[in-house]
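Asker: Give the three-dimensional model of this entry:
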Amino acid sequence: MYNGSLLLEIKTKQEEMYEKAMNYGFTDSRVVSCSQDLDVLLNKYQGLEEYIVLLKQVQEHSEF
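Answerer: Numbering: from 1, shown residues only. Below is the predicted model:
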């Protein structure tokens, strides 16, 4: 399932960002870059969740 693999990617990226922040500091470019990557993943997840809600609404309205 795409949703599950995306959640795993998010968790992995969070852990990577935390580790980099502890090693290099929160303002280091490597941490900022990792944070931006995480933002992209979170936006994908949010978009997927919104799409699923929309699909359910369409299905509910099309059932007779």
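
Asker: and the spatially most central residue of the chain, what does it touch?
Answerer: The residue lying closest to the centre of the chain (Cα atoms, centre = their mean) is Leu42, at 2.5 Å. Residues in contact with Leu42 (Cβ atoms under 8 Å, 6 or more residues apart in numbering) are Ile10. Glycine gets a C-beta too; all of them are placed from N, C-alpha and C.

Asker: so how far is the helix or strand Glu15 falls within from its chain's centroid?
Answerer: Assigned by DSSP states H and E, Glu15 belongs to helix 2-24. On the basis of Cα atoms, centre = their mean, to the nearest Å, helix 2-24 sits 9 Å off its chain's mean C-alpha point.

Asker: With stretch 12-31 instead?
Answerer: 17 Å.

Asker: can you list contacts of it?
Answerer: Against stretch 12-31 from outside (Cβ under 8 Å, 6+ apart): Cys34, Ser35, Asp37, Leu38, Leu41.

Asker: how many neighbours does Met17 have?
Answerer: Around Met17 there are 20 other residues, counting by other Cβ atoms under 10 Å.

Asker: tell me the contacts of the spatially closest residue to it that is not a sequence neighbour?
Answerer: Residue nearest to Met17 in three dimensions, not counting chain neighbours: Cys34, with 4.2 Å by Cβ to Cβ, 6 or more residues apart in numbering. Applying Cβ under 8 Å, 6+ apart, we find Cys34 in contact with Lys13, Glu16, Met17, Lys20.
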